[in-house]
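> here's a sequence, model it:
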Amino acid sequence: MLTRQTRYAYSPITRRPKFSWPGNKRLAVYVVMGVEEYNFGPGMTEDIFPGAPKPDYVNTSWRDYGNRVGGFRLIDRCKALGVQLSILLNTDVYDSAPDLTDHARAAGCEIVGHGLSNSDTLVGMDRAAEADYLEAVAARIEGAEGDRPGGWSSPWLAQTEATVDLLKQTGYRYLLDLRLDDQPVWLTTETGPLLALPYALELNDSTTIIGRQTTADAFSKMIIDEFDELRLAAEDTPLVMSIVVHSFISGQPFRLAALTRALRHITAGHPDVWLTTPGDIAAHIEADPARAV
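Alright, predicted model coming up:
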């Protein structure tokens, strides 16, 4: 017999509750930027030159560019275009690049929990260790920002069987890991529902530009095509579009130029589009939980 996941039930897009986003908007668009830190040594890494010999200064310097240069430019570009950028934050960045987290705070960026560092993975943690890890991230963000994070995005999009349950128990309200739908979906947990927001697995510069070696121009066109298609689909039912970038990938100047072309297309005065944040999308659903399936 076929084995299926049990966190959410099947629901076709043709059988959904009717509602609108604030201001009678039809398509909600959010942009998140990964701001990450990696161990100089053992642990997982994202590399532009795989297999570089150790000590690996080459890939380390490429990643460090994001927190020294690229992240600042992405924050400023989004702000100039009227995009409410949110941050997927490895909390070790508070120590390694505090000027960048200060810059994000000054720009009003929402902070989403994204682990302590991106050399970590939840895979292999027992339940108690994972619970402590999720709490450590939330507590560090609360100490720096004044509020606990509403959202979580797993390093490397990796989970254990307990992750969703532990997120709910730790006080996280929504998850950015999954793209099962174009609308928010309630996930079943041991202590009540947890909201999964549509999260780009392909409009994601890590998986697509680095993982698949897609060009910056092609990535920009992907964003524009998805936006245009979802606007058409959202005439009948409200939808969510997400764009995922990283400070050390799309913060590179030639990629920033291409991304900017896509963002200008999105921000060109579309009256049916809500440029927003994951937290505000979640809050709108939480005000009437029946809006999500």
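> mind listing the helices for this structure?
Taking DSSP state H, the helices of the chain run over residues 57-65, 71-81, 93-96, 98-106, 127-145, 163-170, 205, 216-233, 253-266, 278-287.
> would you mark the buried spots in the fifth one?
Spelled out, it's helix 127-145. Buried residues in helix 127-145, defined by neighbour count with 16 or more other CB atoms under 10 Å: 130-131, 133-134, 137-138, 140-141, 144-145. Where C-beta positions appear, they are placed from N, C-alpha and C, glycine not excepted.
> follow-up on the earlier one: which one of the helices of the chain lies nearest to Thr191?
Nearest to Thr191 among the helices of the chain is helix 163-170; the distance by CB to CB comes to 5.3 Å.
> can you show me the CA trace of that closest one as PDB?
Presented in PDB, the C-alpha positions along helix 163-170 are these (Å, rounded to 0.1, in the frame of the first residue of the first chain):
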ATOM      1  CA  THR A 163      10.200  19.300  13.600                       C
ATOM      2  CA  VAL A 164       6.700  20.500  12.900                       C
ATOM      3  CA  ASP A 165       5.500  19.400  16.400                       C
ATOM      4  CA  LEU A 166       8.400  21.100  18.100                       C
ATOM      5  CA  LEU A 167       8.000  24.300  16.100                       C
ATOM      6  CA  LYS A 168       4.400  24.600  17.300                       C
ATOM      7  CA  GLN A 169       5.400  23.800  20.900                       C
ATOM      8  CA  THR A 170       8.200  26.300  20.900                       C
END
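> give me the helices and strands touching it, please.
Packing contacts for helix 163-170, counted by 3 or more CB pairs under 8 Å, 6 or more residues apart in numbering; DSSP states H and E, involve helix 127-145, strand 194-196.
> the first one - what's its average pLDDT?
The predicted model gives helix 127-145 an average pLDDT of 98.
> burial of the closest residue to Gly23 other than its chain neighbours, as a residue count?
Of all residues beyond its chain neighbours, the one nearest Gly23 is Trp274 (6.8 Å), with distances taken as CB to CB, 6 or more residues apart in numbering. Counted with other CB atoms under 10 Å, the neighbours of Trp274 add up to 21.
> what's the distance between Trp274 and Ala138?
Remark: distance between Trp274 and Ala138 (CB to CB, to the nearest Å) = 27 Å.
> and what of Leu230?
For Leu230, the distance to Ala138 (CB to CB) stands at 32 Å.
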